[in-house]
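A.B. asks: Here you go, sequence then predicted model.
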Amino acid sequence: MSEIDTLKKGIKQLSPGELADFRAWFMEFDAAEWDRQIDMDSKAGKFDVLAQKAIEEYRAGKTKAI
């Protein structure tokens, strides 16, 4: 049995309260991981092309206020 299968089996056995606690913990964990990945990608310059394009479109008057 893979580690994922073991986790799935364990999660299915949680009480409703434990499942709610796990869900809240996982949402925080997942959001922190997402933020960490975005930060790493940003520092690696992976968004530079998109940022430059947005600046160029703004300067060219191709944007509108929201």
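C.D. replies: It's in.
A.B. asks: Which strand or helix spans the residue nearest in space to the middle of the chain?
C.D. replies: With distances taken as C-alpha atoms, centre = their mean, residue 34 lies nearest the centre of the chain, 2.9 Å away. Assigned by DSSP states H and E, residue 34 belongs to helix 16-43.
A.B. asks: now residue 49, what's its secondary structure?
C.D. replies: helix (DSSP: H, G, I helix; E, B strand; the rest coil).
A.B. asks: Could you do residue 14 as well?
C.D. replies: coil.
A.B. asks: Against residue 33, how distant is the nearest residue to it once chain neighbours are set aside?
C.D. replies: Using C-beta to C-beta, 6 or more residues apart in numbering and skipping residues adjacent in sequence, the residue nearest residue 14 is residue 22, 6.1 Å away. The way it works is simple: take the backbone N, C-alpha and C, and place the C-beta from them, glycine included. Counting by C-beta to C-beta, to the nearest Å, the separation of residue 22 from residue 33 is 16 Å.
A.B. asks: same thing with residue 63?
C.D. replies: Separation of residue 63 from residue 33 (C-beta to C-beta) stands at 32 Å.
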